[in-house]
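**Q** pasting the structure only:
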């Protein structure tokens, strides 16, 4: 370490400050020691007297006032022209490191394949999501949403029967019991085959009747199921990573608390997409 490295602004300022303090201390000490030897009683008494005891007025010494003014001037210079705004800054260094790391991340994962997205999504999921949803995404015995249902036809049936709450949409929450079990299966078959990203159903024979029953859903989701320009969830995204990304960006309220919105910088767009791909893979058993 170089103790007298005058090329470093911080070091230079520290040394100048130390020398100034030493010089001022020596001057003031010498002045008052000398004054103690030669000073005599005198000066202007204050007008107030208590029990015959008066008190001398003690105006601020001119030297003190000058030093005080100089300290203010120096402090303003220090903040505006010296350290830290024109020199080293921990915040600036951190921001530069974050920018460099983000650039490196974007370059490395410019065109990730699905295998890479799954691996990235699983890593993020284990850190950010598993505390509530469990490491396998099963919701820890009903404590949170079972993500193995998300993106599946069974998940649609479950939402129709139990309702869906907590997402921040103008149309509000979907209540439970929108149809009985048979009706829910029919609607789910229609949505899975004709509207969602699943594009297939286990109940082909129920698609036609499900289309008729979907009229009750169209009031909120629109006849095409796309959510009427953001008024409710876009069911055409269901079964894809985009549907999960919407939930990450909006947050969700559940039985054990509120899932935060992940659009606050803790996850970038690629990481959100990776989590979406991983969550959707759970419903496919991948």
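**A** Great, that's in hand. Please read these numbers as outputs of a predicted model, since none were measured by experiment.

**Q** can you confirm residue 224 is in a strand?
**A** No. Going by DSSP: H, G, I helix; E, B strand; the rest coil, the assignment for residue 224 is coil, not a strand.

**Q** What confidence value was assigned to it?
**A** Looking at residue 224, its pLDDT is 91.

**Q** Check residue 4 too.
**A** 61.

**Q** for residue 151, same thing?
**A** 84.

**Q** quick one: contacts for the closest residue to it other than its chain neighbours?
**A** Nearest non-adjacent residue to residue 151, counting by C-beta to C-beta, 6 or more residues apart in numbering: residue 283, 3.9 Å away. All C-beta spots, glycine's among them, are computed from the backbone N, C-alpha and C. Contact analysis of residue 283 by C-beta atoms under 8 Å, 6 or more residues apart in numbering lists 147-152, 155, 239.

**Q** Show me these that map onto strands.
**A** Assignment to strands by DSSP state E places none of the contacts of residue 283 there.

**Q** Including neighbour count, could those go into CSV?
**A** Rendered in CSV, the data for the contacts of residue 283 read as follows (neighbours: other C-beta atoms under 10 Å):
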residue, neighbour count
147, 22
148, 20
149, 19
150, 22
151, 26
152, 22
155, 22
239, 25
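
**Q** from those residues, which ones fall inside helices?
**A** Judged by DSSP state H, the subset of these located in helices is residue 155.

**Q** how about stretch 180-194: buried residues?
**A** 183-194 (16 or more other C-beta atoms under 10 Å).

**Q** Might you calculate how far that stretch sits from the centre of the chain?
**A** Per C-alpha atoms, centre = their mean, to the nearest Å, the displacement of stretch 180-194 from the mean C-alpha position of its chain is 38 Å.

**Q** any chance you could map the strands in the stretch 151-286 of the chain?
**A** Taking DSSP state E, counting those that start in this stretch as the criterion, the stretch 151-286 of the chain carries its strands at 252-254, 257-259.

**Q** Now distance to residue 138 too, for the contacts of residue 283, in CSV please.
**A** Putting these into CSV (distance: C-beta to C-beta, whole Å) gives the following:
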residue, distance to residue 138
147, 8
148, 6
149, 9
150, 11
151, 14
152, 13
155, 13
239, 19
